[in-house]
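Visitor: Next comes the sequence, and after it the predicted model I'd like to discuss.
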Amino acid sequence: MPSDYHVHIERGPYAIDWLKKFVDTALDKGLTEIGISEHGYRFDKGYAAFGSDGFRGEWIKKYTGQDIDEYISLIVEAKSMGLPVKLGIEADYIPGKEKELMDFLKPYPWDYVIGSIHWIGDWGIDLDECLDIWESCDVDSVYLEYFNMIEKMAETGIFDFIGHIDLVKIFKYRPTAAVYDKIEKNIENIAKIGVAVEVSTAGFRKPVGEIYPSKEIMSMIKKYNIPILVNSDAHTPEDVARDFDKAYEYVKSFGIDTLNYFDKRKRIPYKI
């Protein structure tokens, strides 16, 4: 059941013809299905869950304006036509906004919800316009705060899997080796919760130039037997399933031979 569950179609219209371009690429590359997972912050109804009175709110206001009901209707229609698509969403975890997030997500028939962290407070850790903040911060402290947030995100029970779990490395800032001992406690606790983690090829297309997660984190995922998926974080049709050959090889190099797909919030394993 090879799939790609981290796909964004936001650069085009919510229309079947545009969606089919992503589906066709997936099928050409040997996938069985794809999951569309628009960013929650792009929807007007999501602002209470993702916005702020500071920079984060200002940034989101530049990208919001989409109608979530239009999005849902498109994927439901595509399913009814027999297109091999799943309905997902990528939702930023903002500590303290759990109730607003649950209220936002509750009305819709998700197949899965991706939990991601792109923000520490009003700092967009993966944004070019916030890059200067990295120059003046303690990298070890950032990693520890980020992975503590990842653990808290998993504990909420809101999310089915964690997106690009070490996105924090995107601009090549690395912690000292000792930090990984503390991160391992986060990963061990995440394993007890039962949430899955994605292996994302998007890292190959970012400044860091490597897959998410790193070998250090991947070793922990294997050690604690955390279920995984392989995804692309595609924003264009041509990036669907991009570098999946490398990702499968990477996963197998850790002795992992099982991936997962989702249906109506239920995780189902399959062998690769």
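Guide: Great, that's in hand. Residues are numbered from 1 along each chain as shown.
Visitor: Pull out the buried residues from the host helix or strand of M218.
Guide: Using DSSP states H and E, M218 maps to helix 215-223. Neighbour-count burial for helix 215-223, counted by 16 or more other Cβ atoms under 10 Å, picks out E216, I217, M218, M220, I221. Every C-beta, even on glycine, is put in place using the N, C-alpha and C of the backbone.
Visitor: Just the CA trace of it, in CSV.
Guide: Presented in CSV, the C-alpha positions along helix 215-223 are these (Å, rounded to 0.1, in the frame of the first residue of the first chain):
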residue,chain,number,x,y,z
LYS,A,215,20.5,9.1,11.7
GLU,A,216,20.6,9.9,15.4
ILE,A,217,16.8,10.3,15.7
MET,A,218,16.1,7.5,13.3
SER,A,219,18.2,5.1,15.5
MET,A,220,15.9,6.1,18.4
ILE,A,221,12.8,5.5,16.4
LYS,A,222,14.0,2.0,15.6
LYS,A,223,15.1,1.4,19.2
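Visitor: for the helix or strand just after it, packing partners?
Guide: Once helix 215-223 ends, the next helix or strand along the chain (criterion: DSSP H and E) is strand 228-231. Contacts defined by 3 or more Cβ pairs under 8 Å, 6 or more residues apart in numbering; DSSP states H and E place strand 228-231 against strand 3-7, strand 196-200, helix 244-253, strand 258-263.
Visitor: Can you say which of these is packed in most?
Guide: strand 3-7 (a mean of 27; mean count of other Cβ atoms under 10 Å).
Visitor: where along the stretch 101-250 of the chain do the strands fall?
Guide: With strands called from DSSP state E, counting those that start in this stretch, the stretch 101-250 of the chain shows them at 112-116, 119-120, 123-124, 161-162, 196-200, 228-231.
Visitor: In JSON lines: the ones you listed, plus mean pLDDT and distance to V139.
Guide: Supplementary listing: the strands of the stretch 101-250 of the chain in JSON lines, determined by pLDDT from 0 to 100; distance: least, Cβ to Cβ, whole Å:
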{"stretch": "strand 112-116", "mean pLDDT": "98", "distance to V139": "20"}
{"stretch": "strand 119-120", "mean pLDDT": "98", "distance to V139": "13"}
{"stretch": "strand 123-124", "mean pLDDT": "98", "distance to V139": "13"}
{"stretch": "strand 161-162", "mean pLDDT": "98", "distance to V139": "21"}
{"stretch": "strand 196-200", "mean pLDDT": "98", "distance to V139": "21"}
{"stretch": "strand 228-231", "mean pLDDT": "98", "distance to V139": "26"}
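Visitor: could these be laid out in JSON lines, adding distance to M81?
Guide: Below are the strands of the stretch 101-250 of the chain laid out as JSON lines (distance: least, Cβ to Cβ, whole Å):
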{"stretch": "strand 112-116", "distance to M81": "21"}
{"stretch": "strand 119-120", "distance to M81": "36"}
{"stretch": "strand 123-124", "distance to M81": "37"}
{"stretch": "strand 161-162", "distance to M81": "26"}
{"stretch": "strand 196-200", "distance to M81": "27"}
{"stretch": "strand 228-231", "distance to M81": "24"}
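Visitor: coming back round to it: can you tell me which of the buried residues of helix 215-223 is nearest D111?
Guide: I221 (22.5 Å; Cβ to Cβ).
Visitor: any idea how far that closest one is from I228?
Guide: Taking Cβ to Cβ, to the nearest Å as the measure, I221 falls 6 Å from I228.
Visitor: same check, this time on I114
Guide: For I114 relative to I228 (Cβ to Cβ), the value is 13 Å.
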